[in-house]
Every structure is written in C-alpha cells, then in structure tokens.
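Student: take this sequence and fold it.
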Amino acid sequence: MGYKNITEFVLLGLFNNEDEKTTCSVLFLLCYLAIISGNLVVLLTIRGSHLSEQPMYFFLSYLSFMDVCFTSTVAPKLIIDLLAEWNTISYSGCMAQMFYAHFFGATEIFILVVMAYDRYVAICRPLHYMVTMSRQVCYILVMASVVGAFIHSFMQVLIIIELPFCGPNQIDHYFCDVFPLLKLACTDTRLLNITIITTTGVLSILTFVALVISYIIILFTLRSRSSEGRHKALSTCGSHMTVVLMFFLPLIFTYVPMADSVSDDKVFALFYTMIAPLFNPLIYTLRNTDMKNAMRRVWCQEKWLKGN
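Tutor: Here you go, the predicted model:
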C-alpha cells in the first residue's frame, strides 16, 4: 500500500485555554528578550575584556551564543503560535526546526562537557593547565563539539525524513521533535523509539554521570587547597554544576522514558529550551567576581563618556 506524505503539521502547543495563551505569550516574550539580552551581555563582556584569554570564559562565550541560537529556534514560533488560532508548520520547516534545535542543543551539551574538563585540568592538574588548555586546543574542542552536534542532529533528521506521514498531522508539542513525530508515522516505530532512547537518552545519562564524577574528583582535590583557593574554585564549579543540573535532568526525563507521556515532555522541554538559557547568565555573573569586574569595565558609563 502506498503512502501519501502530508505537507504540513499542526503544533498543538502548550495550552488550550485562550486566557492562558495570551498571558503566556507575554511571559515567554519577556523571557525570550531576557535570554537574548542576558546572554549577549555575557558574550560581549567576555569578548571585550581580558577574560577571553582564559579558557573557561572562552567556552562560556560560546555557551552563551549557543543559548541564544538554541532558544531562537523554538521561542519565536512558540510566542506567535500562542496568539494564533491555527498553528501550522510546513514539513520542510518542521525538519529544519528539529535539525537546528538538536544541533544547537547538542553543541551546548558538548561545550558543558568541555567546560567541566577545563575545570578538572585547572584544579587537578594545574601545572599542565596552560599546555593542556592552549588556545589551539580550545578551538579544537569547540570545533569537535560543533561537528559532533552536526552528526547527531543530521542522524535525527535522517530517521524522520525516511518515515511516511499520511495523517493525522497534529504534533502534541510546541516545536518539532523526534518522539512526537514518531507517533504520527504511518508505520511501526517501536524499534526507532528504542534506537533514539539508546543513543540520545543513554548518551545524556552517561554524559551527566561523567560530569558528576569529574566534580566529585574536583571536590576531593580541593580538600588540600587553601580556604581562599577553595572558595574561588567552588564558586566557578558551583555555577557550572547548577547549569548542568538545570539542563541535563529535564533532558534525561524527556529522552530516557518510552515517550508515552508527551504532555510531560512539553513541560520538561521548557526547562532546557527557555528556563536554563534564561538563568545561565545570572548564574555565571552573580557569583563570579571576575565577570562582575569585567562587566563594570566594559559597560561602565565612564568608558563611553571618555570616548565621546
């Protein structure tokens, strides 16, 4: 029997109540503007100060850039759909959104891993730090993150475009993702579900466990340091671990189960698409003296007055 592929999908979104939609559209718009401005401030502060010479902040600037890109693949469509009566997205648009969401999201995951490795080398192998984390190595690690993310997202899209979609075309989500699309395919997708859970879900768990183990090792190493050095190291590591928890835990809950509770997945997805990128700039600046000092130097009014 031949299948006729559909040409567009309908995104059911987060809510059905019209009052909730209007209120949330304003709330998400404010969150999106805060994400853009907050992460750009962090990015421009690092690039406009001496902090860019330090590997940790070099990676942080890329993390902020990925936050902006990742949220921008989802938030504008979400905000518009909350105000629209019929929320459609073309087949090609859906595939593009899924590709970019996975690409930027996976790049962010790999950069978080690289940042944890940077902290491990800085604290546990300080004498080798400048050689191990040279600028050339930093660029290689960023490029490896991008290439790894591209391969991951390409494989996700490759799985979906090979599937027949003959209807229904309603996606129970606010953006195009793998599991909601698998539910609409006109074929048996149980094996594909297991494959995606094995690759994405298990990889997320293993990455998270590796990050936790690295920080346990760091904490043991810090016991022999002075109180001042220990406090500074714990400040940067604490910020990074907070970001990791906010990003990875909802991701694991989304991709590890058998994806039968898509409504719960939508709530979990909000954490890594909107909430984590919103709080990342605050987490990395409020407890970081170097960032606060750099922000004063880069954004201080006196600098602008002198330039006029």
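
Student: rest of the way, CA atoms for contacts and neighbours
Tutor: Will do.

Student: count of residues packed around Val147?
Tutor: For Val147, the count of nearby residues is 14 (other Cα atoms under 10 Å).

Student: how far away is it from Gln54?
Tutor: 23 Å (Cα to Cα, to the nearest Å).

Student: and for Thr242?
Tutor: In this view, Thr242 and Gln54 are 21 Å apart by Cα to Cα.

Student: again with Asp19
Tutor: Going from Asp19 to Gln54 by Cα to Cα gives 48 Å.

Student: neighbour count winner among these two?
Tutor: Using other Cα under 10 Å as the criterion, Asp19 and Gln54 rank with Gln54 on top: 16 against 9.

Student: which ones are touching that one?
Tutor: If you count contacts by Cα atoms under 8 Å, 6 or more residues apart in numbering, Gln54 has none.

Student: elements contacting the stretch of helix or strand Met130 belongs to?
Tutor: Of the helices and strands defined by DSSP states H and E, Met130 is found in helix 129-132. If you count contacts as 3 or more Cα pairs under 8 Å, 6 or more residues apart in numbering; DSSP states H and E, helix 129-132 packs onto helix 91-124.

Student: how far off centre is the helix it packs on?
Tutor: On the basis of Cα atoms, centre = their mean, to the nearest Å, helix 91-124 is displaced by 6 Å from the centre of the chain it belongs to.

Student: helices or strands up against it?
Tutor: Contacts defined by 3+ Cα pairs under 8 Å, 6+ apart place helix 91-124 against strand 8-11, helix 55-72, helix 129-132, helix 135-161, helix 202-222, helix 227-255.

Student: before we move on, back to that, same question for the helix holding Met130, mean pLDDT?
Tutor: The average pLDDT for helix 129-132 rounds to 89.

Student: swap in stretch 97-116?
Tutor: pLDDT averaged over stretch 97-116 gives 92.

Student: which residues are in contact with that stretch?
Tutor: Stretch 97-116 is contacted from outside by 56, 59-60, 62-63, 66-67, 69-70, 73-74, 141-142, 145-146, 148-150, 152-154, 156-157, 175-178, 207, 211, 214-215, 240, 244, using Cα under 8 Å, 6+ apart.

Student: secondary structure class for Leu184?
Tutor: coil (DSSP: H, G, I helix; E, B strand; the rest coil).

Student: quick check: phi and psi at it.
Tutor: Main-chain dihedrals, Leu184, degrees, to the nearest 10: phi -90, psi -10.

Student: and the helices and strands packed on helix 91-124, which one averages the lowest pLDDT?
Tutor: helix 227-255 (a mean of 77).
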